[in-house]
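>>> let's see this in three dimensions:
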Amino acid sequence: MIYFLLLMISSFSEAGEFFLIISPGARQVAMGSAFTGVADDFTAVYYNPAGLAFCKNVNAGFMYSPWLPELWPGMKYIYTGGIVPLPIGRISLGIGCSYFNAGETVATDENGNEIGRWESYDYAIILSYGEEITKNLGIGVSLKYIYSFLVPDWAYWQFLHEHGGDAETFAFDWGMLYKTSIPGLSVGVSSQNLGSAGLCYIENGTYYPIPSLIRAGVGFNAMPLFKKRLPHFITDLKFSADLVRDLVDEQHENWYSGGSEITFKDKFSLRVGYLKKGAQKGRTYGCGVIFGPLQIDIASDADIYKSSTSNHWKIQVNFNSAHSCK
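Numbering: from 1, shown residues only. Okay, the predicted model is just below:
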């Protein structure tokens, strides 16, 4: 048990709050998590808050995903949020919440007797503001509160003789989204988790940095250019690509991703993508069904992991008062 606690603290000290770089959104994951230049639904709060500037309808959603249950039973990741345009000006407000639960841990003494149990978890609450500066340019900023709970205080006192199994911090994001003169082509840039000193779990004054990222992406809606050349039953066709750079890690690792989405009769969508994120690389898949203002999406990115995983899927329910943000 002592070894497990030491391993947990060591892993967090090296990686920081890794849940902050888990990609939210079933639609987004299916497209390789390349969404910085698209940012047209409630997950824009995470990927690029500038996307709020062009969202003229109420948009909200909820995503659930088991997270690598082979590593530890019960782990899961949840993302939920929404966007509301204000009736005055060209401003929209958004809120998002990422939640990661590492499952239940049972502590035992040297004789194997249970002495306690707990669940480790992390969450981030995001408040976003987006404004349409010109017809083609939107900007956005977000304030983020991050909380992490590793182990209860009694476990620290008993096993490590230190205090403080939780930590908190604030950070901010910013973003820009520009719709070019080429019909359907947009470019975006955003930066995540800036301005934080890190997380301090124990009383030795050590702050563990959180991952700070800069994202650049393009989105291309092919319908304005190719609508007359496509079959009538194809009602939407999008492509996206992202480059993400880690600003904290000494190697400043780059991640690459791209994806596509095709929609038939505004009712059914198919998506495919590719993601290279460090040692993780591979194809992503997904689909979505639209029922009026409701959309249900599922996705899988199991191919990006070296080890086999039988339960790495995501499901999402999305509400949009006008079906999409345009």
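>>> what about the strands in this structure?
Along the chain, the segments classed as strands by DSSP state E run 59-66, 76-85, 91-108, 114-132, 137-149, 166-179, 185-194, 213-221, 234-246, 254-264, 268-277, 280-291, 294-300, 313-320.
>>> same list (those) but as TSV, adding distance to residue 206.
(Each C-beta comes from the backbone N, C-alpha and C, glycine too.) Converted to TSV, the strands of the chain look like this (distance: least, Cβ to Cβ, whole Å):
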stretch	distance to residue 206
strand 59-66	31
strand 76-85	26
strand 91-108	21
strand 114-132	18
strand 137-149	14
strand 166-179	10
strand 185-194	19
strand 213-221	23
strand 234-246	21
strand 254-264	27
strand 268-277	27
strand 280-291	28
strand 294-300	37
strand 313-320	34
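>>> and those strands as CSV, adding mean pLDDT, mean neighbour count and distance to residue 30?
As requested, the strands of the chain are exported to CSV (pLDDT from 0 to 100; neighbours: other Cβ atoms under 10 Å; distance: least, Cβ to Cβ, whole Å):
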stretch, mean pLDDT, mean neighbour count, distance to residue 30
strand 59-66, 94, 22, 12
strand 76-85, 96, 21, 14
strand 91-108, 89, 18, 18
strand 114-132, 90, 18, 22
strand 137-149, 96, 20, 24
strand 166-179, 95, 20, 21
strand 185-194, 97, 22, 19
strand 213-221, 96, 21, 15
strand 234-246, 95, 20, 11
strand 254-264, 95, 20, 7
strand 268-277, 96, 20, 4
strand 280-291, 93, 18, 3
strand 294-300, 95, 20, 4
strand 313-320, 92, 21, 8
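>>> kindly check the end-to-end length of stretch 47-59 for me.
Stretch 47-59 has an end-to-end distance of 15 Å (Cα to Cα, to the nearest Å).
>>> looking at this protein, which residue lies furthest from center?
residue 111 (42.0 Å; Cα atoms, centre = their mean).
>>> what does it show for phi and psi?
phi -100, psi 0 (degrees, to the nearest 10).
>>> pLDDT score for it?
Listed pLDDT for residue 111 reads 76.
>>> what does residue 305 give?
80.
>>> equivalent analysis for residue 250, please.
67.
>>> could you pull up the residues touching residue 276?
Listed by Cβ atoms under 8 Å, 6 or more residues apart in numbering, the contact set of residue 276 reads 255-257.
>>> let me fix that: residue 53
90-92, 130-133, 138-140, 177.
>>> how close does it get to residue 35?
To residue 35, residue 53 is 15 Å away according to Cβ to Cβ, to the nearest Å.
>>> how about residue 21?
14 Å.
>>> more neighbours: which of the two?
Neighbours per residue, other Cβ atoms under 10 Å: of residue 21 and residue 35, the larger number sits with residue 35, 31 against 18.
>>> which residues touch the more buried one?
Taking Cβ under 8 Å, 6+ apart, one finds 25, 28, 43-44, 47-48, 217, 219, 240, 242 in contact with residue 35.
>>> try it again at 6 Å.
Applying Cβ atoms under 6 Å, 6 or more residues apart in numbering, we find residue 35 in contact with 28, 47.
>>> so residue 280 sits against residue 303, correct?
No - using Cβ atoms under 6 Å, residue 280 is not in contact with residue 303, being 9.4 Å away.
>>> sorry, back to before: between the contacts of residue 53, which is nearest residue 123?
The shortest approach to residue 123 among the contacts of residue 53 belongs to residue 140, at 21.4 Å (Cβ to Cβ).
>>> okay, and the beta partners of the closest one?
residue 130, residue 175 (DSSP bridges).
>>> for residue 21, see how far away it is.
Residue 140 is 19 Å from residue 21, by Cβ to Cβ.
>>> what do you get for residue 202?
23 Å.
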